[in-house]
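# here's my sequence, what's the structure:
(one chain, ligands or ions: 1)
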Amino acid sequence: MNYRLLIVDDENDSREALAELAQRWGYDVQTASDGTEALRRAIEWHPDVILTDLVMPNMDGLWLLRALRAELPDCPVVLLTGRGTIQTAVQAIKEGAYEFIEKPLEVSRLRIVLDRALEKKETMREVQLLRRRLAALAPGTDMIGSGPAMQRVFELVKKVSPSNASVVIGGESGTGKEVLARAVHSLSPRKDKPFVALNCSAIPATLIESELFGYERGAFTGADQRRLGNFELAHGGTLFLDEVGELPLEMQGKFLRVLEERKFRRLGGKAEVEVDVRVICASNRDLKDEIRKGRFREDLYFRLHVFTIVLPPLRERREDIPILVQHFIEKFNGETGKHVQGVSAQAMETLQSYAWPGNIRELRNTVERAMILVDHDLIGEEHLPPDMRPSRPEAAALRVPVGIPLRDVEKEYILASLQRNGGNKARTAEVLGISEKTLYNKLNRYAASARDRAGEGSEPGDGHGAAAGAKL
Ligand SMILES: Nc1ncnc2c1ncn2[C@@H]1O[C@H](COP(=O)(O)OP(=O)(O)OP(=O)(O)O)[C@@H](O)[C@H]1O
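So this is what the prediction gives:
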């Protein structure tokens, strides 16, 4: 289906010329000669993009822009401006116009601006969809994920949350193990009690005991008052131990005892403290392997592994990337007061093809960085880290062996240009500085000679040779 372009200009000649040009580029075109007529057409016809002259005698471009913001807020408006009207054009951009193009009109710029406006419109449509899906996801938790892998995880979360069972969460670093533990907590009857998280790998072995169980005043030098440990702080709620494989062996014994007896003593304390705590553990090490190496107690392993949930790495659930990106954009918009809307199609392609060794944490940081760099409302490829961007051969060199006939050089050059422009003949003709008709004639000639050669029993050419041209 062709894109719809509404052209608004009070001058007949320039309106007709623009319409003819746009039709050649493949647009369905309607025209209007002033703002009021344009508004009526826009409401009836729903164009994908509007190209309007800024200065018109009757209801000018700025009036139209304002009226359209209310009626068709998603439709990009491109303004044509004369030299003396730049200031008004800048004002129009502030009021939401997509772009302005100065007269006299540069055809190639018009083409590029219209293409980009359409790309933006498509992206915004996608963004709307993602927003709607975001709102419908895993209510009551911060977990985002809509693909089948995460749906399976959500099913498990829903099953295990209401119980008191211990849960072990596996998955690479940054896959969201803590987020998952919080989700289990917030969907459990303990949701109004504390959720206490402790990362065992971040605490020196000598301090872990006091972190977990607390101490009494005078228990050791410097203990000048009683301090509650994480078990006590989590009473009635959930204790999340990240990197549980890092617990020293001796601590594992004490930990097991608390799980079995539900009571313990603070360091330096005599009285036993009773606690009611649900324990969720996470590890990105293989605990079975740790048992074999004598670094993890088997009895603790079996006590903890009542229920296991493994989070897949991001590269195995790429389908979730768009919705996660949108989630982080909305989050950072809220924190920074920015109004970034989404990510361009090309940038999203890059994000979806990257391997994400740091998983969701890395994705989150990437979006945060891009949002610092971006000064429009759309994140583009240029806002992504350079090593993430695929190398696109912007000005790919064409190697042509010396000594071949000039007409073959021309053919190779034309076919390579066509390929670089994604098969778009109008754009290729423009880049080559020839008419589209000339390009068609040449391509037809290549195709015919390829057919002839094929008829003679020879190969019809390689991937970007004449046969490829014939198909285009
Ligand atoms: N499903 C998700 N939805 C939204 N945000 C997520 C999700 N999973 C992870 N995150 C975000 O990614 C970051 C890393 O998550 P988290 O700390 O839970 O990972 P982890 O697996 O516990 O990492 P580590 O193993 O390094 O402790 C956090 O900022 C978190 O908010």
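# so Ile280 sits in a helix?
No. Read with DSSP: H, G, I helix; E, B strand; the rest coil, Ile280 is strand and lies in no helix.
# distance check, it against Phe307.
Going from Ile280 to Phe307 by Cβ to Cβ, to the nearest Å gives 9 Å. No exception for glycine: its C-beta is placed from N, CA and C like everyone else's.
# tell me which of the two has more neighbours.
Set side by side, Ile280 and Phe307 show more neighbours around Ile280, with 29 against 16, by other Cβ atoms under 10 Å.
# circling back to that earlier point, need the overlap of contacts for Ile280 and Phe307.
Ser166, Val167, Val168 (Cβ atoms under 8 Å, 6 or more residues apart in numbering).
# can you pick the most crowded of the residues you listed?
Among the shared contacts of Ile280 and Phe307, Val167 has the most neighbours (other Cβ under 10 Å), with 25 neighbours.
# OK, contacts around it?
Val160, Ala181, Val184, Ile280, Cys281, Val306, Phe307, Thr308, Ile309.
# so which of the shared contacts of Ile280 and Phe307 are in strands?
Using DSSP state E, the subset of the shared contacts of Ile280 and Phe307 located in strands is Val167, Val168.
# what does the stretch 201-350 of the chain put close to the ligand?
Within the stretch 201-350 of the chain, the positions lying close to the ligand (Cβ under 6 Å from any ligand atom) are Asp242, Asn284, His327.
# adding neighbour count, pLDDT and secondary structure, write these out as a markdown table.
Shown next, in a markdown table, are those (neighbours: other Cβ atoms under 10 Å; pLDDT from 0 to 100; DSSP: H, G, I helix; E, B strand; the rest coil):
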| residue | neighbour count | pLDDT | secondary structure |
| --- | --- | --- | --- |
| Asp242 | 20 | 95 | strand |
| Asn284 | 17 | 81 | coil |
| His327 | 23 | 92 | helix |
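# export the host helix or strand of Leu324 to CSV, keeping only CA atoms.
Per DSSP states H and E: Leu324 is located in helix 321-336. C-alpha atoms of helix 321-336 as CSV (Å, rounded to 0.1, in the frame of the first residue of the first chain):
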residue,chain,number,x,y,z
ILE,A,321,14.2,-6.0,23.6
PRO,A,322,11.7,-3.5,22.1
ILE,A,323,9.5,-3.6,25.1
LEU,A,324,12.4,-3.4,27.6
VAL,A,325,13.8,-0.4,25.7
GLN,A,326,10.5,1.4,25.8
HIS,A,327,10.2,0.6,29.5
PHE,A,328,13.6,2.1,30.2
ILE,A,329,12.8,5.2,28.0
GLU,A,330,9.7,5.9,30.0
LYS,A,331,11.5,5.3,33.2
PHE,A,332,14.3,7.7,32.4
ASN,A,333,11.9,10.3,30.9
GLY,A,334,10.2,10.2,34.3
GLU,A,335,13.5,10.7,36.1
THR,A,336,15.0,13.4,33.9
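# which of the residues in that helix are buried?
Ile321, Pro322, Ile323, Leu324, Val325, Gln326, His327, Phe328, Ile329, Glu330, Phe332 (16 or more other Cβ atoms under 10 Å).
# any idea how many residues pack against the residue lying closest to the last one once chain neighbours are set aside?
Right, Phe332. Leaving aside its sequence neighbours, Phe332 sits nearest to Met371 (Cβ to Cβ, 6 or more residues apart in numbering; 4.9 Å). Close neighbours of Met371, defined as other Cβ under 10 Å, add up to 19.
# quick one: Met371 and Lys338 touch, right?
Yes. Here Met371 reaches Lys338: they are 6.2 Å apart, a contact under Cβ atoms under 8 Å.
# list the residues that contact both of those two?
Both Met371 and Lys338 are contacted by Phe332, under the criterion Cβ under 8 Å, 6+ apart.
# quick one on the thing from earlier: need the max-distance pair from the contacts of Val167.
Greatest spatial distance among those (Cβ to Cβ): Ala181 and Val306, at 14.5 Å.
# between the two, who's got more neighbours?
Ala181 (24 against 14).
# which pLDDT value goes with the closest residue to the ligand within the stretch 51-200 of the chain?
Residue of the stretch 51-200 of the chain nearest the ligand, by Cβ to the nearest ligand atom: Gly176 (2.3 Å). On pLDDT, Gly176 comes in at 93.
# for it, grab the count of nearby residues.
Count around Gly176 with other Cβ under 10 Å applied: 24.
# then Asp286?
Asp286: 13 neighbours (other Cβ under 10 Å).
# so what's Leu432 scoring on pLDDT?
The confidence metric pLDDT takes the value 84 at Leu432.
# please apply the same query to Glu330.
Reported pLDDT for Glu330: 92.
# distance check, it against the ligand.
11 Å (Cβ to the nearest ligand atom, to the nearest Å).
# cool, Gly236 as well?
According to Cβ to the nearest ligand atom, Gly236 stands 23 Å off from the ligand.
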